[in-house]
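**Student:** Pasting the sequence and the predicted coordinates here, then a few questions.
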Amino acid sequence: MKPKTLLILRINLLIATAVSLFFVPWSLVFAWLAPLPDSVQEQVNDAVTRDLDGIVVYVDQADAVPVIYTAGWHDRGAQIPAKPQALFKIASIRKLYVAAALTKMASAELLSLDETLADYFPELKSRIENADHITLRLMAKHRSGIPNLTDHPDFPWDNPPKSSPEQLEYALDLPADFAPNEDYAYSNTNYLILTEVMNKVLGFNHFQYIQTEILDALNLKNTFISLHAVETSKVMSGYHVGYEPDIKNNHFGAMIATAEDVGIFLRALNDGSLLNSSEQAIYSSIYEFEHTGLVPGYSSFASYHKDIDTVVIQFVNTSGGVSWNMAEIVHNRIEDIVRRSPD
């Protein structure tokens, strides 16, 4: 390449970088570039100076007693500090529990992952494209092509649907995103349908199966089916940037749990103590071993680091604006602190 051409490319690159930085919120840049503190607690304290209302972090390192860190507000209006044992809407982290339960049902031959959506719900064949070719396995792996119901432009986030059939309406009679197994696209519709399949096969709500096969097996006492199953004062308040009221009482059907309960579950999912060897093989073929979650007012991160045998759970009760990006930066920095020098 000619020197003049190379110079022009470098100048264009610098201009592009400068322009991109101009549009990046500086609060995120400062949070990302700030010197890494010495401890997780210092990082958690710093998080609430960056427009996050409250934070709970659970760290379980190998051969050490798990530690829970908190900062900010459990309830901003009542000025109640964040609580280590606060209940929280874990949103899509729930999919890990559903996938584990689905795995156990497949292993027990209660259902087949290779049967199709139309096999279980023939009435949906005319309303979901490719229903007779979409298997449970493809739905579990987000390779079904079924549109994501929460991406529908009319999905009512301020007054969410109260039942699964109401939710499903936002994904029906739409063209497929792609042919089955031709691509990947994360879709909440997949797991909504999978839970309905589980309900139909079991003859009772799938959460009862999760309770027996997973929660009771791990002695988890602080994980619940939804907001309606708990004393709401124990649930961390939820806030959305630009909207002052607490939105905790908005019901999205999200599971509720403490950071500790999620951490215990995540370790068991990853270390093989929840699933036997054949179940582990099935699970690893259909889903991931960590997850994030987001619903209005709540963002959550559940991660496992095999190289240091460490679980990190982070709950933040703020959504909107750049709060997700900020929470992600905080989570990454906490992982860096743990990896560098365990508390």
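**Tutor:** That came in fine, so what should we check first?
**Student:** got a list of what Lys95 touches?
**Tutor:** Tyr191, Tyr287, His291 (CB atoms under 8 Å, 6 or more residues apart in numbering). C-beta coordinates here come from the backbone N, C-alpha and C atoms, glycine included.
**Student:** mind checking the end-to-end distance for stretch 307-323?
**Tutor:** Stretch 307-323 stretches 29 Å from its first residue to its last (CA to CA, to the nearest Å).
**Student:** Distance from the chain centre to that stretch, please.
**Tutor:** Its chain's C-alpha centre and that of stretch 307-323 lie 10 Å apart, by CA atoms, centre = their mean, to the nearest Å.
**Student:** Pull out the buried residues from it.
**Tutor:** Thr310, Val311, Val312, Ile313, Gln314, Phe315, Val316, Asn317, Thr318, Ser319, Val322, Ser323 (16 or more other CB atoms under 10 Å).
**Student:** Looks to me like the fifth one is in a strand.
**Tutor:** Yes - secondary structure assignment (DSSP: H, G, I helix; E, B strand; the rest coil) places Gln314 inside a strand.
**Student:** partner residues bridging it?
**Tutor:** Assessed by DSSP bridges, Gln314 has beta-bridge partners Val57, Phe301.
**Student:** Tell me the spacing between it and His228.
**Tutor:** Distance, Gln314 to His228, using CB to CB, to the nearest Å: 25 Å.
**Student:** The second one now?
**Tutor:** To His228, Val311 is 28 Å away according to CB to CB.
**Student:** Phe88 in helix, strand or coil?
**Tutor:** Reduced to three states with three-state DSSP, the structure at Phe88 is strand.
**Student:** Helices along the stretch 101-250 of the chain, start to end?
**Tutor:** 117-120, 136-140, 164-168, 188-202, 206-210 (DSSP state H, counting those that start in this stretch).
**Student:** related to what we said a few turns ago, can you tell me which of the buried residues of stretch 307-323 is closest to Leu275?
**Tutor:** Val311 (16.4 Å; CB to CB).
**Student:** tell me which element that closest one is part of?
**Tutor:** strand 310-316 (DSSP states H and E).
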